[in-house]
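coordinates for the following, if possible.
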Amino acid sequence: MFSSFNFSRLAVSISTVAFSVGGTFISVNPQIVAQSAPKCVPAANISEGTQPLPGNVPANVRNAAQAAANATTKPTVKLTRFDSEKEDGVTIYELAGVQSNGCKLEIDAIAPNKIEEIETELATLNQVPAPVRNTLNKRLPASSFKVTFIERSQRPQPPKPVPPLSGVNVVYEIEGTCTRAISGTCKAGEKLEADINENGTTIVVESAS
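Take a look at the predicted model:
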């Protein structure tokens, strides 16, 4: 996985579209302009996935993961490498590929054909919904936070074959560095990850691993 942070367990719901910072609520200003992030570079992604497919990945898992990739990306990304890990005794297969612009794609699948997560790296914040950008910039202003990584995380609820893409929670995971201190949030040079739901109404900020 690109990130091990579990948004579903730690999310803070904000029905008023506001942020809780040190006990103080700050309302969102939708007019804030978001930061620009660097575009993906193919050379930076060649190590994504430590083993070449097919390896020991079951054929039905490979087929399910590729079907999810086909439903998510245009042009279609071929999954070529993988990793795997166990969570609560269940093997999660992490099949990876690289988009035509050099951005990563990872499909996390469980045998026989269930998709747990589709992680799509994005090249620019322009690909992120405006409510997400507005929420990011209110919490981590562009003047004080440099974005270094953006990912759209699509999470079928519960894990299931994809397509269809219905019943999928979408979270944007945005990593970056505080270029100067933000009161109650970070010191200059500190790396953070902000996880924001697609409507921009929920945000969690954590130190980036």
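
can we go C-alpha only for contacts and neighbour counts from here?
OK.

okay, residue 39: pLDDT?
pLDDT recorded at residue 39 is 79.

tell me which element residue 137 falls in.
helix 130-139 (DSSP states H and E).

who's in contact with residue 77?
69-70, 97-100, 105 (Cα atoms under 8 Å, 6 or more residues apart in numbering).

confidence-wise, which of those residues comes last?
Per-residue pLDDT puts residue 100 lowest of the contacts of residue 77, at 87.

and residue 105, which helix or strand is it part of?
Using DSSP H and E, residue 105 falls in strand 104-110.

who does that strand pair up with?
strand 90-98 (antiparallel), strand 114-121 (antiparallel) (DSSP bridges).

so what touches that strand?
So strand 104-110 is in contact with 1-2, 45, 48, 61, 64-65, 68-69, 77, 90-99, 115-121, going by Cα under 8 Å, 6+ apart.

for the spatially most central residue of the chain, give the beta-bridge partners.
The C-alpha lying nearest the average C-alpha coordinate of the chain belongs to residue 151 (Cα atoms, centre = their mean; 3.4 Å). Judged by DSSP bridges, the bridge partners of residue 151 are residue 121, residue 173.

separation between it and residue 60?
26 Å (Cα to Cα, to the nearest Å).

which residue ranges of this protein form strands?
Assigned by DSSP state E, the strands in the chain fall at 18-21, 24-27, 51-52, 81-87, 90-98, 104-110, 114-121, 145-156, 168-178, 191-197, 203-207.

what's the closest of the ones you listed to residue 127?
Set against residue 127 and scored by Cα to Cα, the strands of the chain come closest in strand 145-156, at 9.4 Å.

just checking, what packs against that closest one?
strand 114-121, strand 168-178 (3 or more Cα pairs under 8 Å, 6 or more residues apart in numbering; DSSP states H and E).

return the most buried member of those strands.
Greatest average neighbour count among these goes to strand 114-121 (a mean of 25), per mean count of other Cα atoms under 10 Å.
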